[in-house]
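> Model the structure of this input:
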Amino acid sequence: MSYSIKLDSFEGPLDLLLHLIDRAEVDIYDIPIAQITEQYLSTIHTMQELHLEIASEFVVMAATLLSIKSKMLLPRKEEHVFQPLFDMDVEEADPRDELVMRLLEYKKFKQMAEQLREMETGRSQVFTRPAEDLTPYVREEEKPVLNVSLYDLLAALEKAFNRINTKDPITKVSRDEISIKDRMKEIRTLIKVGGGMVRFSQLFSSQVTRTEVVTTFLALLELMKTKAITCVQNQLFADILICENQPKGEEHLTP
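Next comes the predicted model:
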């Protein structure tokens, strides 16, 4: 199965690192480099499994993290016994210092960009012409995700892949390949059976295959793109809920 899709949610490797650091709730000045590197590589691997377009800077950052990790494993140089205590150049530079500075700089500019975006939004609501009824021209955009980022969806996908890896490799269940279009129909049917909602974990059977996991994820992305569904996560690490969106103009027909 060959399928390619480009997502604008990935703003760069530093954005991904900040997300992993925030999710792990660790101090940015004391990054557990081994843990963050493992999570970063796992996310990149998941992106490759989905045939997502990965920019070269993501690969460069992966190499940088591995380099820092290897430097952290090297033994420190031994200090001389008679070295003066007032010598401030005794300690070696932390291999993580340059990465921390880049993350802090990126975080600062990201916050500034968010402030400018809010200012732009506020300014766009100011008009110099007399007030008039603009209701006929207002279109409400439905957000395909609520309290769910693309990284949260990837984390849920990693759990699905882990279910496959922990199964007995001898047990194999053959099943005809299903297209993304057919999987989209199956998901919408499951949602209707569930009363307008289904959990992400319920989309996979006990004998799920890697191809089915990837097909399901891509089908969800297409349904989100067409605003047919909304993904909701009520709390951190909770199961993601897939809810169906009612077409415009049909809300008043619901009994």
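> now the helices for the stretch 51-200 of the chain?
Remark: helices assigned in the stretch 51-200 of the chain by DSSP state H, counting those that start in this stretch are 56-73, 97-124, 150-165, 180-193.
> Can you spell out which helices and strands pack onto the third one?
Counting by 3 or more Cβ pairs under 8 Å, 6 or more residues apart in numbering; DSSP states H and E, the packing neighbours recorded for helix 150-165 are helix 13-24, helix 33-49, helix 210-225. C-beta coordinates here come from the backbone N, C-alpha and C atoms, glycine included.
> ranking the helices of the stretch 51-200 of the chain by mean pLDDT, which is last?
Ranked by mean pLDDT, the helices of the stretch 51-200 of the chain bottom out at helix 150-165, with a mean of 74.
> Now do it: distance to the chain's middle.
For helix 150-165, the separation from the chain centroid amounts to 10 Å (computed by Cα atoms, centre = their mean, to the nearest Å).
> now do stretch 207-225
Distance, centroid of stretch 207-225 to centroid of chain: 16 Å (Cα atoms, centre = their mean).
> what about T215, distance to R96?
In this view, T215 and R96 are 39 Å apart by Cβ to Cβ, to the nearest Å.
> lowest confidence element among the helices and strands of this structure?
One helix or strand of the chain scores below all others by mean pLDDT, DSSP states H and E: strand 145-146, with a mean of 56.
> Need the helices and strands packed on helix 150-165 in CSV (columns: distance to L65).
Output for these, formatted as CSV (distance: least, Cβ to Cβ, whole Å):
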stretch, distance to L65
helix 13-24, 8
helix 33-49, 4
helix 210-225, 25
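> Nearest to R117, out of those helices?
With Cβ to Cβ as the criterion, R117 lies closest to helix 13-24 of the helices and strands packed on helix 150-165, at 15.0 Å.
> Give me the helices and strands touching the closest one, please.
Using 3+ Cβ pairs under 8 Å, 6+ apart: helix 13-24 touches helix 33-49, helix 56-73, helix 97-124, helix 150-165.
> who touches that helix?
10, 28, 31-32, 35-36, 39-40, 43, 57-58, 60-62, 102-103, 106-107, 110, 149, 151 (Cβ atoms under 8 Å, 6 or more residues apart in numbering).
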